[in-house]
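Novice: The following comprises the amino acid sequence and a computationally predicted model.
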Amino acid sequence: MTNSTGAPAVRSPKNLLAICHGFPPYYGGAEHVAFYLAREAAAAGWNVSALTSDIGGRLPASELMEGGVRVLRLRSPKRKWTRHNVLELAAFQWQAIRHMRRWQPLIMPDCTLAHFSVPAGEIARRLKRRAGVPYAVVLHGSDVPGYQSRRFGWIYPLLRPHVRRVWREAQAVIAVSAGLRDLALSVWPDGRIHVIENGVDTQRFHPAEASAPTGPLRLMSTAQLIERKGLHHLLEALALLTPQEQSSLRLDVYGTGPWADFLQERAHRLGLDGIASFRGLVSPEPLAETLRTADVFVLPSLQEGLPLALLEAMASGLAVLATRVGGIPSVIQHGDNGWLVPPGDPSALAEALRILTAQPNLRRRLGMAARRTAEAHAWAAVWRRYEALLRPAGA
């Protein structure tokens, strides 16, 4: 490939292109993972550019973000800040491939880090075919056939041959949890998939200064308001508590999504109006401050990879109540640094809430251990594992 002057594009040993259909200020865990990894790569000396989609013309076409990450946003029909539908993902892929055909960079990337098998993985594969740029692809969950069958079941059979091709031609395939790797290997039995768990910003997310607890126990959950996050089971668990037990608890839910109205109506019907509050979206800095005001973080998911929200709560020194799904048991050991219950079980959630409410010393111990676990998942250490897979031979 040549630059606009006709001269060969100049190569540097450390130029990284990150591709993800969403990027901050988009609200999504995997999309923030893409940003944090890009930021750490820049801090480690890489020249980092990110290719992503706009949100209905509301964001700059190009921007220099925190840490020196250069972001290019392609115009997109996307309207919502939290979810992409299949047509929007297809539009981003088409726009990116079209953009790539006329792309003449002064500095060619040495490698591409594609977040999600599609559309980013397919875009990276096309770039490799066009310009010889190797790529790694990160599996976050929904891009692996079989992960969200209720939402994408109709398209997964069509995607299987495409994702296998993306994985087969990649320099490395990385899953964010062992469970996700195992699901991907059921699609690609002869493949090799590395597991690198997500990280957390341990400077932004840190424990509050110790203070004497006052008032009701403050429960908090941050999640997309969708079925697989299991928040309807948490509401049912609260409804199983006695009025006296309920009076000692308050739940704040942060996030938005297609289940927002359903969950609020469900809370009302269960008589939880004075107990459960839905606070909407919150950006990272206020979120970090809000986490420090909570006592227990609850994530009752039915399915997960390794949620960033969970790690952020752990880094904030909170006692965490979560479900045994996806990569969660890889970072939480029941009774050691958190409390685990089966998914889809309101009775188990209710009993866990009773235990955590009654035992402040247990909450403190779990929170302190959770913080130590989070420190081992700092983004700098996570990036070094990615870098070992991405760095060109001899660089």
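Specialist: Looks like it arrived, so ask away. Numbers count the residues shown, from 1 in each chain.
Novice: So V382 is in contact with D201, correct?
Specialist: No - using CB atoms under 8 Å, V382 is not in contact with D201, being 10.8 Å away. Placement of C-beta: from N, CA and C, glycine included.
Novice: Skip ahead from the lowest-mean-pLDDT helix or strand in the chain and say which helix or strand is next.
Specialist: Across the helices and strands of the chain, mean confidence by mean pLDDT, DSSP states H and E is lowest for strand 10-11: a mean of 45. The helix or strand immediately downstream of strand 10-11 is strand 15-19, counting by DSSP states H and E.
Novice: name the helices or strands packed onto that following strand?
Specialist: helix 29-43, strand 47-53, strand 111-115, helix 122-131 (3 or more CB pairs under 8 Å, 6 or more residues apart in numbering; DSSP states H and E).
Novice: by how many degrees do the second one and strand 111-115 diverge?
Specialist: It refers to strand 47-53. Angle between the axes of strand 47-53 and strand 111-115 is 40 degrees (criterion: axes from the mean of the first three to the mean of the last three CA atoms, to 10 degrees).
Novice: now the first one
Specialist: Relative orientation of helix 29-43 with respect to strand 111-115: 160 degrees, computed using the same axes, to 10 degrees.
Novice: Mind exporting the C-alpha coordinates of helix 29-43 to CSV?
Specialist: The C-alpha trace of helix 29-43 is given here as CSV (Å, rounded to 0.1, in the frame of the first residue of the first chain):
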residue,chain,number,x,y,z
GLY,A,29,-18.4,-3.2,28.9
ALA,A,30,-16.6,-4.8,26.0
GLU,A,31,-16.3,-1.4,24.2
HIS,A,32,-14.7,0.1,27.3
VAL,A,33,-12.3,-2.9,27.4
ALA,A,34,-11.3,-1.9,23.8
PHE,A,35,-10.5,1.6,25.1
TYR,A,36,-8.6,0.6,28.1
LEU,A,37,-6.4,-1.8,26.1
ALA,A,38,-5.8,0.9,23.6
ARG,A,39,-4.8,3.3,26.3
GLU,A,40,-2.4,0.9,27.9
ALA,A,41,-0.8,0.1,24.6
ALA,A,42,-0.2,3.8,24.1
ALA,A,43,1.3,4.1,27.6
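Novice: from the helices and strands packed on strand 15-19, which stretch is densest packed?
Specialist: Highest mean neighbour count of the helices and strands packed on strand 15-19: strand 111-115, a mean of 27 (counted as mean count of other CB atoms under 10 Å).
Novice: what lines up beside it in the sheet?
Specialist: Strand 111-115 pairs in its sheet with strand 15-19 (parallel), strand 135-139 (parallel), by DSSP bridges.
Novice: one step back: got the helices and strands packed on strand 15-19 as CSV, with mean pLDDT and distance to H377 columns?
Specialist: Converted to CSV, these look like this (pLDDT from 0 to 100; distance: least, CB to CB, whole Å):
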stretch, mean pLDDT, distance to H377
helix 29-43, 94, 11
strand 47-53, 94, 21
strand 111-115, 97, 18
helix 122-131, 94, 26
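Novice: Kindly reformat the ones you listed as CSV containing distance to H268.
Specialist: Listed next are those as CSV, based on distance: least, CB to CB, whole Å:
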stretch, distance to H268
helix 29-43, 28
strand 47-53, 36
strand 111-115, 38
helix 122-131, 44
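Novice: Out of these, the one nearest R75 is which?
Specialist: strand 47-53 (8.1 Å; CB to CB).
Novice: got the buried residues for the host helix or strand of L87?
Specialist: Assigned by DSSP H and E, L87 falls within helix 86-101. For helix 86-101, burial by neighbour count (16 or more other CB atoms under 10 Å) applies to E88, L89, A91, F92, Q93, Q95, A96.
Novice: That one packs against which elements?
Specialist: So helix 86-101, by 3+ CB pairs under 8 Å, 6+ apart, packs with strand 47-53, strand 69-74, helix 122-131.
Novice: among those, which is nearest P284?
Specialist: Short answer: strand 69-74, nearest of those by CB to CB, at 14.9 Å.
Novice: Within the sheet, what are the partner strands of that closest one, with directions?
Specialist: For strand 69-74, pairing defined by DSSP bridges yields strand 47-53 (parallel), strand 62-65 (antiparallel).
Novice: Would you mind putting those strands into a markdown table with distance to S316 alongside?
Specialist: Listed next are these as a markdown table, based on distance: least, CB to CB, whole Å:
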| stretch | distance to S316 |
| --- | --- |
| strand 47-53 | 27 |
| strand 62-65 | 24 |
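Novice: Which stretches in the stretch 201-350 of the chain count as strands?
Specialist: For the stretch 201-350 of the chain, applying DSSP state E, counting those that start in this stretch gives strands covering 217-222, 249-254, 276-280, 296-299, 319-323, 339-341.
Novice: That concludes my questions; thank you for your assistance.
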